[in-house]
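Participant: any chance you could fold what I've pasted below:
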Amino acid sequence: MAAHTAILIPVFVLAAWTACVLLRVAFVRVTGPMRPHAYTLGEPDGVPARVAIPNRNYMNLLELPLLFYVACLLLFVTGGATPLAVALAWAYVALRIAHSLIHLSYNHVMHRFTAFALSNFVLIILWWCAWQGVRALAQ
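Facilitator: Numbering: from 1, shown residues only. Okay, here's the model as predicted:
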């Protein structure tokens, strides 16, 4: 597979992981102690952690990963998806999944923070790669 196309595979994997976490949110809400109508205006007070944490993790997967999706699309469109960029994209996905698994299981804050911080460092480098792709296209 060509590198410029390979950059899209981690995008689909992270999107699929996000969908899995969304399914978990739905499951814990439906099987949780609160009635579904309690969520009419969002997450009500008194939601137990086993219900609130998956929702918070899902929201995390919709925040900074948006920049990952944009960077990967820029790399795809500009043809700037080098093997380094593809490796960085996979590293980002692995770190975000690790972050989710920590958050959704034993939830040790420093472990979760480490995965989060490393993923952001990788994202910065990935954006640098995307910038290089855009610059090369503009010349």
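Participant: elements contacting the lengthiest helix in the chain?
Facilitator: Looking across the chain with DSSP state H, the single longest helix is helix 109-138. For helix 109-138, the contact count by 3 or more Cβ pairs under 8 Å, 6 or more residues apart in numbering; DSSP states H and E identifies helix 65-78, helix 83-104 as packing neighbours. All C-beta spots, glycine's among them, are computed from the backbone N, C-alpha and C.
Participant: avg pLDDT for the shortest one?
Facilitator: Which is helix 65-78. Average pLDDT, helix 65-78: 96.
Participant: kindly report the same for stretch 9-26.
Facilitator: Computed over stretch 9-26, the average pLDDT equals 97.
Participant: output that stretch in PDB, but only the C-alpha positions, please.
Facilitator: Taking Å, rounded to 0.1, in the frame of the first residue of the first chain, the C-alpha atoms of stretch 9-26 are listed here in PDB:
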ATOM      1  CA  ILE A   9      -5.900   3.300   7.900                       C
ATOM      2  CA  PRO A  10      -5.100   4.800  11.300                       C
ATOM      3  CA  VAL A  11      -7.800   7.400  10.700                       C
ATOM      4  CA  PHE A  12     -10.400   4.600  10.300                       C
ATOM      5  CA  VAL A  13      -9.000   2.700  13.200                       C
ATOM      6  CA  LEU A  14      -9.400   5.600  15.600                       C
ATOM      7  CA  ALA A  15     -12.800   6.400  14.200                       C
ATOM      8  CA  ALA A  16     -13.800   2.700  14.800                       C
ATOM      9  CA  TRP A  17     -12.400   2.900  18.400                       C
ATOM     10  CA  THR A  18     -14.400   6.100  19.000                       C
ATOM     11  CA  ALA A  19     -17.500   4.200  17.800                       C
ATOM     12  CA  CYS A  20     -16.800   1.400  20.200                       C
ATOM     13  CA  VAL A  21     -16.500   3.800  23.100                       C
ATOM     14  CA  LEU A  22     -19.800   5.400  22.000                       C
ATOM     15  CA  LEU A  23     -21.400   2.000  22.200                       C
ATOM     16  CA  ARG A  24     -20.100   1.600  25.700                       C
ATOM     17  CA  VAL A  25     -21.600   4.900  26.600                       C
ATOM     18  CA  ALA A  26     -25.000   3.800  25.300                       C
END
